[in-house]
Every structure is written in structure tokens, then in C-alpha cells.
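I'll drop the sequence and a predicted model, then ask my questions.
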Amino acid sequence: FHAMETHILGNSRALDRWMELNPAGFAYDEDYDANRVRNSGIYLLGEKQAFSSRFSMSYPREDRAEIFARAMMPGNGALFEKDAMQKKLAALCAGIREAYQLEGYEGVLLWEQYLD
């Protein structure tokens, strides 16, 4: 996904407001070492879940990469039932479709399998 992200960011505006999809007051660590000791708190549990793992809270690119990876795997429907996760997945999928000129494709792409 990291290689795709460069193309998506350069050819779509769908991810321009990514930070607004995070809980109010949340900030990425922007540091892998600091992230290892982060208190993930409620952001990984229950209805307020907004991240797939503590690692995804390190950088926006890691957040997007984990969402993409987990969206491609079977058995992750419950993860994407959470409102914040659904919004992030929708933004990511819109960005991929726009950047790769797939807006007219009517099928469901693998990473879209959990979109409402």
C-alpha cells in the first residue's frame, strides 16, 4: 500500500482531510519509538474504535496501510462496523478509485468488501 499511497495522494483529494476522520484531540506519534509506549486507550476498543492497532496510530501512512491490509483479509467485518473505521475505509476506497480511474467500475473491489 505504501507504493500505492504516493499515487493516490498525487491523483486524488479523497485523503486530504484524513486527520478529520480521527477522534477529536488525537495526534499521531510521528515517531515509531514513542508509539511503542503509547497508551492506546479507547481508540482500539468498542464503538469508539478508530484504529486497527497501536502501530496504526504512529503515522497517517501506517493507519491507511493497515486499513487497506485488513480490508483485504477475510473475517474483518466487525472491525469495519465501527463508524470511524467505516469512514476511513470509505475515504481510502474513494481515493483508490479516483487515483486509478476506477470510478466507472461497477464491481466491488477486494478492499471494498466491508464498505456499507
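Structure received.

correct me, but Tyr114 touches Phe80?
Yes - Tyr114 lies in contact with Phe80 (C-beta atoms under 8 Å); the separation is 3.7 Å. For glycine as for every other residue, the C-beta is placed from the backbone atoms N, C-alpha and C.

anything in contact with each of those two?
Ala71, Gln86, Leu89 (C-beta atoms under 8 Å, 6 or more residues apart in numbering).

can I get those residues in CSV with distance to Ala34 and secondary structure?
Shown next, in CSV, are the shared contacts of Tyr114 and Phe80 (distance: C-beta to C-beta, whole Å; DSSP: H, G, I helix; E, B strand; the rest coil):
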residue, distance to Ala34, secondary structure
Ala71, 27, helix
Gln86, 28, helix
Leu89, 26, helix
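
using JSON lines, lay out the residues you listed together with neighbour count and distance to Gly95.
Converted to JSON lines, the shared contacts of Tyr114 and Phe80 look like this (neighbours: other C-beta atoms under 10 Å; distance: C-beta to C-beta, whole Å):
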{"residue": "Ala71", "neighbour count": "23", "distance to Gly95": "13"}
{"residue": "Gln86", "neighbour count": "16", "distance to Gly95": "15"}
{"residue": "Leu89", "neighbour count": "25", "distance to Gly95": "11"}
